[in-house]
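Undergrad: prediction below, plus the sequence it came from.
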Amino acid sequence: MALIQEGPLSKWTNVVKGWQYRWFVLDANTGILSYYTSKAKMVRGSRRGCLQLANGVIGINDQDDSTFTLSCADNKTYHFEARNQEERDLWVQSLQATINRQASSSKVKSPQTPQQPVAPWQDKMESEFCEAEGYHRLLDQQVVKLETQVSAHNGAADSAECKNVLDTSRALVDTIRQCLDMMQEVKTQLKSLESGGSAAAAATATESGASVKAVASAPQQSTGNQSASAVQELTDVTSPQAAPEGDGGAAGVTVTDDIPLAASQEEESESDSDEEFFDVNEEMEDAKGTQGTEQAPDTADTASVASNIYIAAGGVRLLPDTIRTEKDNLEAGMESNKSIITHLLSQVRIGMDLTKVVLPTFILEKRSMLEMYADFFAHSDLYASIPDYDDAQDRFVETVRWYVSAFHAGRQSSLVKKPYNPIIGETFQCMWDVGGRTKPGVGDVPESVVTSGPVPWATENAVAFIAEQVSHHPPVAAFYAELASKRIAVNGHIWTKSKFLGLAVCAQMVGEARLRLHSRGGEEYIITFPTAYARSILTTPWMEMGGHCTIECPTTGYSASIDFHCKPFYGGKRDRLTAELSHVSGKKPFMTLDGLWNATIDYKTATTSGVFVDTKKLDIMKKLVRPLEDQGEFESRRLWDNVTENLLIENIEAATEFKSKLEERQRREAKERKEQGVEWVHKLFHPVGSGYEYNTPVDQRIVEHQYS
C-alpha cells in the first residue's frame, strides 16, 4: 500500500452545522490524517488540523454510498462524505489498513500485559503523546529530505546558508526528541503515582517536568535569533513550489508516497467545537425517557411463582411473561469488557457477514430470537380486530395499524442486546388471551381448547403462536399465529442477515409474512420487514429501525409503502416512520402517516387528520407460556435455561460454558448428518418455494373437519 494518500472530502462540523470542504492527506506510515481548507493550503503547509488513527474505528452507513465515520481514541466521532461510492471505499480501505498497521506496530513494540484500569487523564495523555510522536516522525523524515536537497547545493553560493539551515533543523529535531523522552519519563512517573506511588516519585515527576521546560527552550539558547528564521527556511525548502489558489476543480483522490507534510508556523487555529462532531450517543439520556424503563429484579420471583400460575382450559398451567424480567446493566458490562469488544472488532471487516461470528456472552438478551418474533403480536387485540370490519379499506387500514404498532413492544429499554441464536429444531410457543377468560387461580375455565392447533393448550379465543428454527446456515426461523375463532392466521419466515458496519451492526430481516383472513374469502396481505441497527457498539449500544417495507393485498388492490427512517447525524428525529396507503384505482395515496414507531403516529387524508396510533397508550398484552418443567426439551426457555439463569446472576463464565455446549452439540449433530447423508427433518413447517408453511393451518383443519 502507498505510504500517503490525498484527496477532497467533506467534513461535518457543528460550528456551522453543515458539511465543510477539506483537502485530506493520509500518512499511513505515521498514522496521521491531516486536513486543510484547500489543496493550495496543503501545498503551503497551512494545516487546519489532524487526527491520530491509532485505535480508531471506521464505520459506514449502508443507507447511502458516500458517507463514513471515524471514531478516534479520544472518543470523538468524525463524519466524512466522499463524492461517490468509489472514492468512499478507497478512503475506507486505506484508513482501515492504516489503523491495522498501527495496531500491528503497537503489538510488536509492546508485548501484551494484563490490562489495568486506565484513568481518564491517562487516556488523554496517551493520545496527545502519540500525536506528538507522529509529528516528530514527520519532522525527522523532512530533515532527511532536506539533507538530500542540501547535498545537491554543494559548491553553490548559498551552500553555507543551506548547511546552517540543515544544522539548525537537526538540532531542532534532536531537541524535540529529548522533550519526548522526558515526557515519557513524566508519564511513567504519573502512572506510578496513580497506582499509589510514593512522595519521592512525585518529587521526581516534578523535577522531570521542570527539565522538560528547560530543554524546550534549548534551541533558542543554542542558536540565538537565527532559530525562528531557520524554522521558516526549513518550511520553505521542504515545501514544493506554491500552486495557484484553488484545488484544480475536479481533482480526485491521489495515492502517492512523496507528499511533504511540513509542520508550518502558519497552521490555522480551529475552535474545539469544530471537532465536536455530532454523535447520536448525546441523545441517549433523552431516549431513556421515551423508550420505557427496565424493571428492577424481583427478589420474590421464586416465592411468588405459585401465585402467578394461570390455569387455562383443560387445567393447563401457564405463567405470565413478567416472571423472568430483570434489569440489564449493559452499560457497565460494555465498559468492563471493552477489550473483548475491541478484539472482536479487530477480527472482522466492514461489510462482513456476522452470521458465523460468535459474540461475547455478556451482550446477550436472555431470550431466544424465536421468542423475540412473538413480540409482533404484543397487541393481539389489534390483530384480532382486523376481520371484524366489513369494508375492505377499513380492514387494510387496521392491518397497517397493527403492523406499525408491533415493533415497540420488544424494545422497552433504551439499550440493545442480542437474543440467543436459536439452534436448529428449537421451538417456542405461547398464547395471548384475547378473550380475557384465563385468570390466576386453580380450576377449569369452560372454554374450548384447540388441541389440533399450533399450541394444543390454547383456547379458540386466544392468539396461538408457534415458531421453529428451520435452518442453521442460513439462520431461518418460521413462525405461525392464529386466532381460531375468527379464522385469521399469519404465516412467515425470517432470515436474519447480519452485517458489520464499523461503528454499528445491521440485521436485515429477510423474508415475509402472509396474513390470511379465511372468514373474508381468503383475503391475503403480504408483509415485509425493516432492518434493525445496533449503533454505538463500542460504548452504549442502542437500537433503531431503518429501511423500506410494504404491505400488499393482491385480492383487494390495496398497498402500503412504509419507510423506517434512521436518525441522521445532523438534524431529524430518531425512530421516525412515514407511510403512504394507496389503492390501484387512485393516482394519489388515500392516507399518509408520519410519526414515531415507538410513540405517536399521525394520519392525514384529503378531509381529516389525527392520531393514527399512540403506542405509549396501548397496553402490551402479556404472552402466556408453560412453566419450564412442563416444556419440551427443545422449547426455547427450557433449552437456554442454564444460560439465562447464569446471566441473571452475572456468572458470565458459566453462561458461556452452557452456551458453548449447546452450539457444539448443534455442530456435532450437523456433522453426523452430513457424514450419514441424512437431511434434517422439520417438525412443524415444510418448505414452499423460498419460504416455509405451517403444516396444519387453521383453514386446512376446518376443511378436513368438514369432510371427515
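TA: On my side now, so go ahead.
Undergrad: next, the buried residues of stretch 77-93.
TA: Neighbour counts using 16 or more other CB atoms under 10 Å place Thr77, Tyr78, His79, Phe80, Glu81, Ala82, Glu87, Arg88, Asp89, Leu90, Trp91, Val92 of stretch 77-93 among the buried residues. Glycine gets a C-beta too; all of them are placed from N, C-alpha and C.
Undergrad: which of those fall in strands?
TA: Thr77, Tyr78, His79, Phe80, Glu81 (DSSP state E).
Undergrad: so can I have TSV of those showing distance to Glu657?
TA: Formatted as TSV, these follow (distance: CB to CB, whole Å):
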residue	distance to Glu657
Thr77	36
Tyr78	40
His79	41
Phe80	43
Glu81	46
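Undergrad: returning to that earlier point: of the buried residues of stretch 77-93, just say which sits nearest to Gln429.
TA: Thr77 (43.2 Å; CB to CB).
Undergrad: got a pLDDT number for the closest one?
TA: If you check Thr77, the pLDDT there is 84.
Undergrad: distance of it relative to Asp27?
TA: 21 Å (CB to CB, to the nearest Å).
Undergrad: with Cys549 instead?
TA: 45 Å.
Undergrad: ok, now Ile99?
TA: For Ile99 relative to Asp27 (CB to CB), the value is 13 Å.
Undergrad: and these two? which has more neighbours close in?
TA: Asp27 (23 against 20; other CB atoms under 10 Å).
Undergrad: grab the nearest non-local neighbour of that one.
TA: Distances taken as CB to CB, 6 or more residues apart in numbering place Ile4 nearest to Asp27, at 5.3 Å, with adjacent residues excluded.
Undergrad: and that neighbour, bridged to which residues?
TA: Asp27, Thr256 (DSSP bridges).
Undergrad: residue ranges of the strands in the stretch 1-150 of the chain, please?
TA: Using DSSP state E, counting those that start in this stretch, the strands of the stretch 1-150 of the chain run over residues 4-13, 18-27, 32-36, 49-52, 57-60, 67-71, 77-81.
Undergrad: nearest to Ala532, out of those?
TA: Per CB to CB, nearest to Ala532 of these: strand 57-60, 16.4 Å.
Undergrad: which neighbouring elements make contact with that closest one?
TA: strand 67-71, helix 85-109 (3 or more CB pairs under 8 Å, 6 or more residues apart in numbering; DSSP states H and E).
Undergrad: between strand 18-27 and the first one, find me the angle.
TA: In other words, strand 67-71. 60 degrees (axes from the mean of the first three to the mean of the last three CA atoms, to 10 degrees).
Undergrad: quick one, what contacts Ala392?
TA: Ala392 makes contacts with Glu523, Cys553, Thr556, Tyr558, as judged by CB atoms under 8 Å, 6 or more residues apart in numbering.
Undergrad: mind doing that once more with 10 Å?
TA: Arg520, Glu523, Cys553, Thr555, Thr556, Gly557, Tyr558, His583 (CB atoms under 10 Å, 6 or more residues apart in numbering).
Undergrad: quick one, grab the pLDDT at it.
TA: Note for Ala392: predicted pLDDT of 96.
Undergrad: Asn651 now?
TA: Taking Asn651 on its own, its pLDDT is 90.
Undergrad: ok, it - contacts?
TA: Thr361, Glu645, Glu657, Phe658.
Undergrad: dihedrals phi and psi, it?
TA: Here is the backbone geometry of Asn651 (degrees, to the nearest 10): phi -90, psi 80.
Undergrad: now it: how far from Lys622?
TA: From Asn651 to Lys622 the distance is 28 Å (CB to CB).
Undergrad: now do the shared contacts for Ile99 and Asp27.
TA: Leu53.
Undergrad: if we can go back for a sec, so which of the strands of the stretch 1-150 of the chain is the most surrounded?
TA: Highest mean neighbour count among the strands of the stretch 1-150 of the chain (mean count of other CB atoms under 10 Å): strand 32-36, with a mean of 24.
Undergrad: please report the distance of Glu398 from Thr592.
TA: 17 Å.
Undergrad: same question for Leu483.
TA: Per CB to CB, Leu483 is found 30 Å from Thr592.
Undergrad: neighbour count for the two, which is higher?
TA: Leu483 (26 against 17).
Undergrad: now that one: phi and psi?
TA: Here the main-chain torsion angles of Leu483 (degrees, to the nearest 10) amount to phi -120, psi 100.
Undergrad: before we move on, what about the one 4 residues further on?
TA: In terms of degrees, to the nearest 10, the main-chain angles of Arg487 are phi 60, psi 50.
Undergrad: pull the contacting residues for it.
TA: Pro387, Arg516, Leu517, His518, Ser519, Arg520, Gly522, Val698, Asp699, Ile702.
Undergrad: swap in Cys506?
TA: Shown in contact with Cys506 (CB under 10 Å, 6+ apart): 61-63, 354, 497-500, 531-535, 546-547, 566.
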